[in-house]
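1. Take a look and give me a structure for this.
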Amino acid sequence: MTGNHNYKKESFDLIVKGIEIEDGVWIGAKSVVCPGVKLKSHSILTVGSVLTNDTEEFTIYRGNPAVPVRKRVIDYF
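-> Residues are numbered from 1 along each chain as shown. Model (predicted):
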(Lines give C-alpha, C1' and ligand atoms only; values in the text may rest on other atoms or scores of the structure.)
Protein backbone atom coordinates (compact mmCIF):
# COMPACT_ATOMS: atom_id res chain seq x y z
CA MET A 1 0.00 0.00 0.00
CA THR A 2 1.83 3.11 -1.14
CA GLY A 3 -0.95 5.66 -1.26
CA ASN A 4 -3.46 7.33 0.99
CA HIS A 5 -5.80 10.31 0.87
CA ASN A 6 -5.78 13.61 2.72
CA TYR A 7 -9.04 13.31 4.64
CA LYS A 8 -8.66 16.88 5.94
CA LYS A 9 -9.24 18.37 2.48
CA GLU A 10 -12.55 18.48 0.67
CA SER A 11 -10.71 17.45 -2.51
CA PHE A 12 -9.46 14.28 -0.75
CA ASP A 13 -6.04 14.65 -2.47
CA LEU A 14 -4.01 11.51 -3.12
CA ILE A 15 -0.79 11.23 -1.07
CA VAL A 16 1.81 8.83 -2.50
CA LYS A 17 4.93 7.67 -0.62
CA GLY A 18 7.27 4.79 -1.38
CA ILE A 19 8.16 1.81 0.78
CA GLU A 20 11.84 0.92 1.30
CA ILE A 21 12.80 -2.72 1.82
CA GLU A 22 16.42 -3.50 2.77
CA ASP A 23 18.28 -6.82 2.36
CA GLY A 24 17.05 -9.90 4.23
CA VAL A 25 13.58 -8.54 5.07
CA TRP A 26 10.71 -11.01 5.30
CA ILE A 27 7.10 -9.82 4.99
CA GLY A 28 4.45 -12.39 5.94
CA ALA A 29 1.41 -13.13 3.78
CA LYS A 30 -1.59 -10.79 4.01
CA SER A 31 0.44 -8.12 5.82
CA VAL A 32 0.00 -4.39 5.15
CA VAL A 33 2.94 -2.00 4.92
CA CYS A 34 1.82 1.64 5.01
CA PRO A 35 3.19 4.46 2.81
CA GLY A 36 6.60 5.91 3.69
CA VAL A 37 7.69 2.98 5.87
CA LYS A 38 11.26 1.63 5.81
CA LEU A 39 11.86 -2.04 6.63
CA LYS A 40 15.45 -2.22 7.83
CA SER A 41 17.95 -5.03 7.30
CA HIS A 42 16.74 -8.55 8.18
CA SER A 43 13.57 -7.42 9.96
CA ILE A 44 10.47 -9.64 9.86
CA LEU A 45 6.79 -8.68 9.68
CA THR A 46 4.62 -11.64 10.67
CA VAL A 47 1.52 -12.87 8.82
CA GLY A 48 -1.45 -10.48 8.78
CA SER A 49 0.34 -7.62 10.54
CA VAL A 50 -0.09 -3.90 9.80
CA LEU A 51 3.15 -1.90 9.81
CA THR A 52 2.74 1.86 10.24
CA ASN A 53 6.30 2.82 11.30
CA ASP A 54 9.89 1.97 10.34
CA THR A 55 11.37 -1.26 11.69
CA GLU A 56 14.69 -1.76 13.44
CA GLU A 57 17.35 -4.10 12.05
CA PHE A 58 17.12 -7.80 13.04
CA THR A 59 13.78 -7.36 14.83
CA ILE A 60 10.51 -9.31 14.51
CA TYR A 61 7.21 -7.37 14.40
CA ARG A 62 3.65 -8.63 14.93
CA GLY A 63 0.11 -7.30 15.25
CA ASN A 64 -2.13 -4.39 14.29
CA PRO A 65 -0.45 -2.05 14.66
CA ALA A 66 2.74 -4.08 14.44
CA VAL A 67 5.04 -3.87 17.47
CA PRO A 68 8.46 -5.43 18.10
CA VAL A 69 8.21 -8.81 19.82
CA ARG A 70 11.84 -9.95 19.88
CA LYS A 71 15.20 -9.76 18.17
CA ARG A 72 15.88 -11.95 15.14
CA VAL A 73 18.87 -14.20 15.64
CA ILE A 74 20.32 -15.79 12.51
CA ASP A 75 22.44 -18.92 12.90
CA TYR A 76 25.40 -18.96 10.54
CA PHE A 77 26.82 -22.45 10.09
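
2. Strands of the protein, start to end?
-> For the chain, strands defined by DSSP state E occupy the ranges 3-5, 14-16, 20-21, 26-27, 32-33, 38-39, 44-45, 50-51, 59-63, 66-71.

3. what's near enough to touch the nearest residue to C34 once chain neighbours are set aside?
-> Counting by Cβ to Cβ, 6 or more residues apart in numbering, T52 is the residue found nearest to C34 once chain neighbours are left out, at 4.9 Å. Placement of C-beta: from N, CA and C, glycine included. T52 sits next to C34, V37, P65, A66 when contact means Cβ atoms under 8 Å, 6 or more residues apart in numbering.

4. if we can go back for a sec, return the most buried member of the strands of the chain.
-> Compared across the strands of the chain, strand 44-45 shows the largest average neighbour count, a mean of 22 (mean count of other Cβ atoms under 10 Å).

5. Quick one: list the elements packing against the lowest-mean-pLDDT helix or strand in the chain.
-> Confidence across the helices and strands of the chain bottoms out at strand 3-5, with a mean of 88, counting by mean pLDDT, DSSP states H and E. Strand 3-5 sits against strand 14-16, with contacts defined as 3 or more Cβ pairs under 8 Å, 6 or more residues apart in numbering; DSSP states H and E.
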